[in-house]
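Q: got a sequence here, can you model it:
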Amino acid sequence: MTTTAALRKPHDVIEAPDSFVDRIAALSRTELTPIALAIDEGEIYPDQALRNLGEAGAWSAHADLRDTIAGISAIAETCGATAFMAWCQNTLVWYILNSDNAALKAKFLADAASGKRLGGTGLSNPMKSFFGIEKLKLKGRRTDGGYIVRGALPWVSNLGPDHLFGTIFELEDGSDKVMFLVDCADPNVTLTPCKPFLAMDGTGTYAVQLRDVFIPDDQVLAAPAMPFVKNIRAGFILMQMGMGLGLVRDCVEIMQGVRPSLEHVNCYLPQQPEDFAAVLAELEAETMRLVATPYDSSNAYWRRVVDLRLRAGDAAVAAAHAAMLHCGARGYLKSHRAQRRLREAYFVAIVTPATKQLRKMLADNAREHPGEHQG
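A: Below you'll find the predicted structure:
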């Protein structure tokens, strides 16, 4: 797709979807609208919906990341939790697609891209470690035909007993880092459910324990890991924009939806749906510009990616807050999506890389490159 106009579809059912984003939007409304509240409250992990979205092509659009982001955004208009899982699944495919390991691709790519194998990403801890926020939690050593890995990750999402996820361990001697796939079906991998969340509780989020897990060479995404991470990091972050864009778009619709009955008093609120529609248009335009060159290795490009992601988190929280105020008491009902959107928006702001980490990344970058300016 060449524009984001196709993203702005009304919430009526599309009779005959004729584009990728139309198909994903229509399927999302059909599959997710009846269960969005149950997903939010942790009653349902929507694995069948995720597989159905995979069959519709939602996880195999990486030839053009604009389509990938458009698909996540279309899902986010209905359910923020599922949009997060869509990002997890797409990120898993992104890792596999960019690996130079032909055996790994042959073993996992088709199943992950079709939704036959679901999964996610365990890069929260590694990403924090790269910027001095945490220490890397997984350690490994070389053995015949692969590696032995041990350690624990506190938060990994879109998981289940037959799922996959990508993460990074450090060699025990500290000489290098390796990025690899974990197969949750391994008997030495233990998934422990996390305590209930404020929102989005049906996202298949677990603490993961690896007890001397053998990782064969055909599960190694990259060794060493860091050049690979630098290659995939912009796509990793830009795909998160789908969550924020879809959420902001629905918040604009919520505000517009209460206008007929509440405009006489909502007109006194400082932020109106038109304000957020303008913010949304600018964020979409910048997203489409940046995602056209996801392998750009320049520092100026990387700063723009980080800044855009920061602004998306801020916009999501601001738009959801405004939607709550526009709805008033009706939005305070547990059954109303405005309050769910507010809780989902906070997740956009705190999921790795969180608002505070993004600000640290920009500050560190400015110190490291004092002569450069935002492009």
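Q: run the chain-centre distance for stretch 277-286.
A: Averaging C-alpha coordinates over stretch 277-286 and over its chain gives two centres that are 19 Å apart (C-alpha atoms, centre = their mean, to the nearest Å).
Q: please read the previous query as pertaining to stretch 243-261.
A: Averaging C-alpha coordinates over stretch 243-261 and over its chain gives two centres that are 21 Å apart (C-alpha atoms, centre = their mean).
Q: now it: average pLDDT?
A: Average pLDDT, stretch 243-261: 98.
Q: and the closest residue to R117 other than its chain neighbours, helix, strand or coil?
A: The shortest distance from R117 to any non-neighbouring residue, by C-beta to C-beta, 6 or more residues apart in numbering, is to D111 (4.0 Å). All C-beta atoms are positioned from the backbone trio N, CA, C, and that covers glycine. When states are read from DSSP: H, G, I helix; E, B strand; the rest coil, the local structure at D111 comes out as helix.
Q: same question, D173
A: For D173, the secondary structure call by three-state DSSP comes out as coil.
Q: pLDDT score for it?
A: D173 is assigned 93 on the pLDDT scale.
Q: what about it, neighbour count?
A: 9 (other C-beta atoms under 10 Å).
Q: quick one: residues contacting it.
A: Under the criterion of C-beta atoms under 8 Å, 6 or more residues apart in numbering, D173 has no contact partners.
Q: that one and A222, how far apart?
A: Between D173 and A222 the distance, using C-beta to C-beta, to the nearest Å, works out to 19 Å.
Q: what strand or helix carries A152?
A: With secondary structure defined by DSSP states H and E, A152 is part of strand 146-156.
Q: check which helices and strands that strand sits against.
A: helix 124-130, strand 138-143, strand 164-171, strand 177-183, strand 206-216 (3 or more C-beta pairs under 8 Å, 6 or more residues apart in numbering; DSSP states H and E).
Q: buried ones in the last one?
A: This means strand 206-216. Within strand 206-216, the residues that qualify as buried are Y206, V208, L210, V213, I215, P216, counting by 16 or more other C-beta atoms under 10 Å.
Q: the fourth one contacts D186, correct?
A: Yes: the pair V213 and D186 qualifies as a contact (C-beta atoms under 8 Å) at a distance of 5.6 Å.
Q: any idea whether the residue most central in space within the chain is helix, strand or coil?
A: Compute the mean C-alpha point of the chain, and by C-alpha atoms, centre = their mean the closest residue is W87, 3.4 Å away. Assigned by three-state DSSP, the conformation of W87 is helix.
Q: and the pLDDT at it?
A: For W87, the model assigns a pLDDT of 98.
Q: and what of the one 4 residues further on?
A: Taken from the predicted model, the pLDDT recorded for T91 is 98.
Q: tell me the phi and psi of it?
A: Phi and psi for T91, reported as degrees, to the nearest 10, are phi -70, psi -40.
Q: what residues does it make contact with?
A: Remark: with contacts taken as C-beta under 8 Å, 6+ apart, T91 is in contact with G120, T121, G166, F236, M239.
Q: same question, S129
A: Taking C-beta under 8 Å, 6+ apart as the definition, contacts of S129 comprise K135, L136.
Q: can you pull the pLDDT of it?
A: 93.
Q: quick check: it vs K177, distance?
A: Using C-beta to C-beta, we find S129 at a distance of 9 Å from K177.
Q: what is in contact with those two at once?
A: L136.
Q: my guess is A81 meets L37, correct?
A: No: here A81 lies out of contact with L37, judged by C-beta under 8 Å, at a distance of 10.2 Å.
Q: tell me which of the two has more neighbours.
A: Neighbour comparison, A81 and L37: the larger count goes to A81, with 31 against 17 (by other C-beta under 10 Å).
Q: before we move on, which element is the nearest residue to that one once chain neighbours are set aside in?
A: Distance criterion C-beta to C-beta, 6+ apart; nearest residue to A81, sequence neighbours excluded, is M200 at 3.8 Å. Secondary structure assigned from DSSP H and E places M200 in neither a helix nor a strand.
Q: just list the residues touching M200, thanks.
A: I39, D40, G80, A81, F84, R343, E344, F347.
Q: from those, which land in helices?
A: Taking DSSP state H, the ones among the contacts of M200 that sit in helices are I39, D40, G80, A81, F84, R343, E344, F347.
Q: closest one to K334 out of the residues you listed, please.
A: Taking C-beta to C-beta as the measure, D40 is the one of the ones in helices among the contacts of M200 closest to K334, at 9.8 Å.
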